[in-house]
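Participant: Attaching a predicted model along with its sequence, questions to come.
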Amino acid sequence: MGIDDIKIERREYKYLIDQNTVRNIRESIRPFCVVDPFAATHPNQRYTIESLYFDNPGMQLFWNNEIEAVDRFKLRIRHYPQTPDGPLFLEVKRRFNDVISKTRGCIPREGWQELVQHPPADFRERLKAKDRNAVERFLAVRGLGDYQPLTVVRYEREPYVSVIDDYARITFDTCIRSQPMRDLSFEVQPNAWRNMDDSETMKHRESLTVLELKFTSAVPSWMVNIVRTQELHRLSFSKYGTSVKAWYSARSPRIAAWKNS
C-alpha cells in the first residue's frame, strides 16, 4: 500500500463562526441535510472526538501545516470517548492543494498499543479485510518517519449529512481542547485540558465554532448559497497546529526535552 493510496477523497473548507451564524446555518440546511445517524443517538445530537496526534522530533508535520505546504499530511489515532470500550481508528490524512485524502483503519482496543508499537507479523490476519490496507499504511508511514505521540485533541461535533448529494457534510465543532501526550495512551488528565476555541485564542470577542463544509469535486449549490448569504470568509484553522502552539514552541523546554529523549 503506497502513500498515494486513498480510501476517502474530498474537499474541506473551514470557517470560524459565531453562535448566531450557527443558528442561521442550521435553519438553512434543513431542506438538504439530516443529522448524522451516529450523532442522532447522542444528547444534543453531538458526539465527542478524541485524537492522538503524532509528529517527529523536528515537528515536521506541524511546520508543513504552518507554511501550508502544497503536499502535507497528519498522522493520528482517533476514538470516541462516549464508547470507552469501542475500537480505535488509525488515520493518515493527506492534503494536496485543496484535495483531502484519508485512509482510516479500525483496530480493536485490546492490545492496541502493542500493535502500533511493535506490529506482529500476523497483524493483518487479526483485522477485518476492509481495514488491513489502511492500518498497514499508518504503521508504514509512522515507522518510516519516526513519528511519536505529541498531543491529544478533544472536541464536540455536531454533524449533518446531505440527503440530495452523493457526498456532502457539514460539521460544527465546539469545546476544542488539548493536552500534551507523550505516550501511546488516551489516559488524559481531566483537569489538564487547555481550551483552543476561546475568545483569546480566536482573537475575537467570543468563543467561535469551527464550521467545516465537506464535499467531493463540485460544491453543492446550497453550500454556495450559505457561504454567500452568511458572508462567510474561508480561514485556516488546524486543531493539531493550534494544540502545538498552545503547549509548545520551537525554543520551548518541552520541545528540547522531547528532542533529547
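Facilitator: Arrived safely. Residues are numbered from 1 along each chain as shown.
Participant: what's the single longest helix in this protein?
Facilitator: What stands out as the longest helix in the chain, according to DSSP state H, is helix 129-145.
Participant: Okay, strands next: where are they in the chain?
Facilitator: For the chain, applying DSSP state E gives strands covering 8-17, 33-35, 47-55, 71-79, 88-96, 99-107, 148-162, 168-180, 194-195, 209-215.
Participant: now the third one: how far from the chain's centre is it?
Facilitator: What that stands for is strand 47-55. With Cα atoms, centre = their mean, to the nearest Å as the basis, strand 47-55 stands 6 Å off its chain's centre.
Participant: Please save the CA atoms from that strand in CSV.
Facilitator: In CSV, the C-alpha atoms belonging to strand 47-55 read as follows (Å, rounded to 0.1, in the frame of the first residue of the first chain):
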residue,chain,number,x,y,z
TYR,A,47,-20.6,13.3,19.9
THR,A,48,-17.1,13.6,21.3
ILE,A,49,-14.0,13.0,19.2
GLU,A,50,-10.6,12.5,20.7
SER,A,51,-7.4,12.2,18.5
LEU,A,52,-3.9,11.4,19.5
TYR,A,53,-1.6,13.2,17.0
PHE,A,54,1.9,12.1,16.1
ASP,A,55,5.0,14.1,14.9
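Participant: got the buried residues for it?
Facilitator: For strand 47-55, burial by neighbour count (16 or more other Cβ atoms under 10 Å) applies to 47, 49-55. All C-beta atoms are positioned from the backbone trio N, CA, C, and that covers glycine.
Participant: do stretch 179-187 as well
Facilitator: Counting neighbours by 16+ other Cβ under 10 Å, one finds that the buried residues in stretch 179-187 are 179-181, 184, 186.
Participant: biggest separation within the residues you listed, which pair?
Facilitator: Farthest-apart pair in the buried residues of stretch 179-187 is Gln179 and Leu184; separation 15.1 Å (Cβ to Cβ).
Participant: Show me what the longest helix of the chain is packed against.
Facilitator: Under the contact criterion of 3 or more Cβ pairs under 8 Å, 6 or more residues apart in numbering; DSSP states H and E, helix 129-145 touches strand 71-79, strand 88-96, strand 99-107.
Participant: what mean pLDDT would you report for that helix?
Facilitator: Rounded to a whole number, the mean pLDDT of helix 129-145 is 95.
Participant: and what of stretch 93-113?
Facilitator: Computed over stretch 93-113, the average pLDDT equals 93.
Participant: hang on, the earlier thing: dump the helices and strands packed on helix 129-145 into TSV; add distance to Lys130 and mean neighbour count as well.
Facilitator: Below are these laid out as TSV (distance: least, Cβ to Cβ, whole Å; neighbours: other Cβ atoms under 10 Å):
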stretch	distance to Lys130	mean neighbour count
strand 71-79	17	19
strand 88-96	12	20
strand 99-107	8	19
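Participant: can you list those in CSV and add distance to Tyr167?
Facilitator: Compiled in CSV, these are given as follows (distance: least, Cβ to Cβ, whole Å):
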stretch, distance to Tyr167
strand 71-79, 20
strand 88-96, 16
strand 99-107, 12
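Participant: show me what contacts Ser28?
Facilitator: 222, 225-226, 229-230 (Cβ atoms under 8 Å, 6 or more residues apart in numbering).
Participant: which one of the residues you listed has the most neighbours?
Facilitator: The most crowded member of the contacts of Ser28 is Ile226, carrying 21 neighbours; neighbours defined as other Cβ atoms under 10 Å.
Participant: mind checking how far the closest residue to it other than its chain neighbours is from Glu136?
Facilitator: In space, not counting the residues next to it along the chain, Ile226 is nearest to Ser28; the distance is 5.4 Å by Cβ to Cβ, 6 or more residues apart in numbering. Ser28 sits 42 Å away from Glu136 when distances are taken as Cβ to Cβ, to the nearest Å.
Participant: low-scoring stretches of the stretch 151-261 of the chain, by residue?
Facilitator: Low-confidence segments of the stretch 151-261 of the chain, defined by pLDDT under 70: 198-205, 249-261.
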